[in-house]
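Student: Here you go, sequence then predicted model.
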Amino acid sequence: MKLFRRREVEQSAALALLVGAIMGPAASAVTQRDASYAIAAGASAAALSFVVLSRRWLRRYWLLRSEIDPAVRATLERRVSFYRKLEPEKKLEFERNVRCFLAEHTIAGPKQREVSLETKVLVAASAAVLLFGREDLDLPSRIDIVVYPEAFTDEYEVKRKGEILGQAHAQGPVILSERALVEGFARAGDGQNVGIHEFAHMLDLEGARFDGTPSGMDGHAARSWASLVHNEIARIGRHKSILRQYGATNEAEFFAVASEAFFERPSAMKEKHPDLYRALCEFYGQDPAA
Ligand SMILES: [Zn+2]
């Protein structure tokens, strides 16, 4: 995700100019005023349209003019090994993604209970890891994230021994167990990170469902992805995979589980599953084993 996507800003500008070109003469015809009135009305309509169409990018621009909260940076440094390993310039880019995420999505406990800043930063960092390599990759514009203190059950009962650590809903919130989220970052090499898992599902959201072929992977890439997934799921079934068993549930879970392993065990994936590793390098625009 990039602060400004030039192509989108240019598209907004072109559309705004079109609105101005139509609205200016129309306003002057209706009010029976002269050409200078048409120019002024058209320019106002174009400017207003541009602000409305580009509001997301303008909001990000204003947000990032201020300094980062030192507590956010300290949490990234202490808890997020992906961030720690980056060059200083790349760290700034990662921080920008984290700050935009924190500003644009709501993160709260059940019944809107406040959660700690550290937890919020870990939620945002999960998404930032996925978005880091590609400027055209982004999440839905507003996600509600509900953080339960522990795991939970099918009835959304919070229990230390609950079986569910996280859930992504196509038309609802992303739910995360705070304990699992913290452990996911504390044990960065075990191939499990509930934050990465659930936000990978959100990248895979196609209309109202998760189909295992993330948006942005289409045509030839999508076709070879489908046969790759088929083979890799069979490999999990034969216990010949570094991916955990849950990845064989269906294509959507495979993508989420493979994404966790890609970021947490990249060298093992590159060695044992080179085709899968290459496909994910291409999709995420990153080479974490390098
Ligand atoms: Zn899942």
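Tutor: Happy to help now that I have it.

Student: Okay, and Ala13 sits in which element?
Tutor: Secondary-structure element containing Ala13, defined by DSSP states H and E: helix 6-31.

Student: Buried residues, that helix. List them.
Tutor: Taking 16 or more other Cβ atoms under 10 Å as the neighbour-count basis, helix 6-31 is seen to contain the buried residues 12, 16-17, 19-20, 23-24, 27-28. (Glycine included, C-beta is placed from N, CA and C.)

Student: what's the following helix or strand after that helix?
Tutor: Following helix 6-31 in sequence order, the next helix or strand is helix 35-53 (DSSP H and E).

Student: Give me the angle between the helix holding Ala13 and helix 35-53.
Tutor: Taking axes from the mean of the first three to the mean of the last three Cα atoms, to 10 degrees, helix 6-31 and helix 35-53 form an angle of 140 degrees between their directions.

Student: Adjacent strands (with direction) for the worst-scoring helix or strand of the chain on mean pLDDT?
Tutor: Scoring the helices and strands of the chain by mean pLDDT, DSSP states H and E places strand 205-206 at the bottom, with a mean of 81. In the sheet, strand 205-206 lines up against strand 209-210 (antiparallel) (DSSP bridges).

Student: Measure how far the strand it pairs with is from the centre of its chain, please.
Tutor: The gap between the average C-alpha position of strand 209-210 and the chain average comes to 15 Å, counting by Cα atoms, centre = their mean, to the nearest Å.

Student: still on that earlier bit, which residues does the least confident helix or strand of the chain contact?
Tutor: 140, 170, 213, 215 (Cβ atoms under 8 Å, 6 or more residues apart in numbering).

Student: any idea which of the buried residues of helix 6-31 is the one closest to the ion?
Tutor: Taking Cβ to the ion as the measure, the ion sits nearest to Ser12 out of those, at 34.6 Å.

Student: Make sure the closest one is actually in contact with Ser54.
Tutor: Yes - here Ser12 reaches Ser54: they are 4.6 Å apart, a contact under Cβ atoms under 8 Å.
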